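>>> Sequence isn't available, so here's the structure alone:
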């Protein structure tokens with residue numbers, strides 16, 4: 001197949017996306033596909049005729065994920081128009097010439113339904129959730145409303161708008177998170193008023209609405225779902241702090257165990273909730289749901305990820321491996337799910 005792997009962009013998760021894209025691109029090439037890796041924002045300014053036939057290493061310039069989040073404004077400055085158009089030169093033309101676009105994008109623009117809506121209008125096949133599912137899962141406020149409506153256990157929480165009165169409060173400690181971001185960007189645990197105000201200010205850097213929710217002290221887990229069926233449960237145990245941006249992407253920062261060392265009953269409980277979330281949020285193809293389990297054994301679903309990371313240490317590939325799929329087979333399975341829809 002002629003495939004475009006689309007990565008990069010201008011979100012705070014850019015580095016993660018580029019790492020995911022590089023891994024996916026290499027696997028697709030090894031699987032015999034004619035693949036091209038593109039940065040959706042920077043695009044490609046060369047001649048596009050015969051682009052899928054060229055023997056180029058499109059991943060050669062992709063680096064590792066740094067400890068710090070990338071400077072989005074500096075990235076926007078790399079293009080003359082300063083980011084007025086999400087799509088870089090020739091991106092849409094190359095995507096239209098492909099049999100399918102494998103989305104390795106994370107965060108704003110690539111995971112929130114806007115790119116999906118554009119591709120659907122242009123008739124471009126792509127992997128992952130469609131426009132509706134992407135919107136429902138990306139906005140954590142909408143997600144929490146749906147969790148409540150469908151009886152999915154989740155931490156108690158409220159939305160706080162920038163400039164709002166903030167009279168309603170969640171008792172300390174609480175978790176403050178950007179409403180429409182991922183990779184734990186804009187997420188903090190506040191133990192007092194001073195930390196809460198600082199956390200809220202940081203979260204507002206990523207949007208005009210934040211979520212403040214009950215802090216559940218316990219063990220952290222994740223469950224991938226493919227085609228509506230759950231993969232094995234994985235546990236994430238950070239060596240320090242919580243499962244934040246650094247602990248997610250720096251090798252050795254977190255001990256990950258898959259299958260998780262929990263009872264068969266608890267494992268199945270999480271898998272059943274993950275499958276329910278998949279359907280409630282109208283997701284397609286594949287996704288990953290994050291959980292915390294309290295010391296008392298109560299399970300809470302935190303959120304859904306419609307384009308889970310595919311970096312060398314990401315969770316979904318580890319879950320797939322526990323189910324008997326190596327990375328290349330996982331990529332093929334995702335493509336198969338795309339062709340079904």
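Okay, I see it. Keep in mind that what you see is a predicted model, and the values were worked out from it rather than measured.
>>> need the helix or strand of the chain with the lowest average pLDDT.
Using mean pLDDT, DSSP states H and E, helix 245-249 stands out as the lowest-scoring helix or strand of the chain, at a mean of 48.
>>> Quick check: what element follows it along the chain?
Tracing the chain past helix 245-249, the next element assigned as helix or strand by DSSP states H and E is strand 254-257.
>>> Return the set of buried residues in that following strand.
By neighbour count with 16 or more other Cβ atoms under 10 Å, strand 254-257 contains the buried residues 254, 256. To be clear about C-beta, it is placed using only N, CA and C from the backbone, and glycine gets the same treatment.
>>> other SSEs contacting it?
Packed against strand 254-257 by the contact rule (3 or more Cβ pairs under 8 Å, 6 or more residues apart in numbering; DSSP states H and E) you find strand 229-238.
>>> And the strand it packs on, what does it pack against?
Other elements packing on strand 229-238 under the criterion 3+ Cβ pairs under 8 Å, 6+ apart are strand 218-226, strand 254-257, helix 264-280, helix 315-322.
>>> Compare the ones you listed and say which comes out lowest on pLDDT.
Between the helices and strands packed on strand 229-238, the one with the least mean pLDDT is strand 254-257; it has a mean of 90.
>>> Tell me how far it lies from the chain's centre.
19 Å (Cα atoms, centre = their mean, to the nearest Å).
>>> what lines up beside it in the sheet?
Partners of strand 254-257 in the sheet, by DSSP bridges, are strand 229-238 (antiparallel).
>>> and the strand it pairs with, which residues are buried?
Neighbour counts over strand 229-238 (16+ other Cβ under 10 Å) mark 230-236, 238 as buried.
>>> now, among the residues you listed, which is nearest to residue 44?
residue 231 (34.3 Å; Cβ to Cβ).
>>> List the contacts of that closest one.
Residues touching residue 231, when contacts are defined by Cβ atoms under 8 Å, 6 or more residues apart in numbering, comprise 223-225, 316, 319-320, 322-323.
>>> Of the residues you listed, which pair is most distant in space?
When Cβ to Cβ is used, the two most widely separated members of these are 225 and 322, lying 14.1 Å apart.
>>> higher neighbour count, those two?
residue 225 (25 against 17; other Cβ atoms under 10 Å).
>>> Please name the bridge partners of that one.
Counting by DSSP bridges, the residues bridging with residue 225 are residue 230, residue 287.
>>> is it true that it touches residue 285?
No: with the criterion set as Cβ atoms under 8 Å, residue 225 and residue 285 do not qualify as a contacting pair; they are 9.5 Å apart.
>>> Using CSV, lay out the helices and strands packed on strand 229-238 together with distance to residue 129.
Rendered in CSV, the data for those read as follows (distance: least, Cβ to Cβ, whole Å):
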stretch, distance to residue 129
strand 218-226, 11
strand 254-257, 24
helix 264-280, 9
helix 315-322, 14
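>>> all strands of the stretch 1-150 of the chain, in order?
When assigned using DSSP state E, counting those that start in this stretch, the strands of the stretch 1-150 of the chain occupy the ranges 2-7, 34-39, 100-103.
>>> Next, format the ones you listed as JSON lines and append distance to residue 115 and mean neighbour count.
Formatted as JSON lines, the entries for the strands of the stretch 1-150 of the chain read as follows, by distance: least, Cβ to Cβ, whole Å; neighbours: other Cβ atoms under 10 Å:
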{"stretch": "strand 2-7", "distance to residue 115": "8", "mean neighbour count": "26"}
{"stretch": "strand 34-39", "distance to residue 115": "13", "mean neighbour count": "24"}
{"stretch": "strand 100-103", "distance to residue 115": "8", "mean neighbour count": "26"}
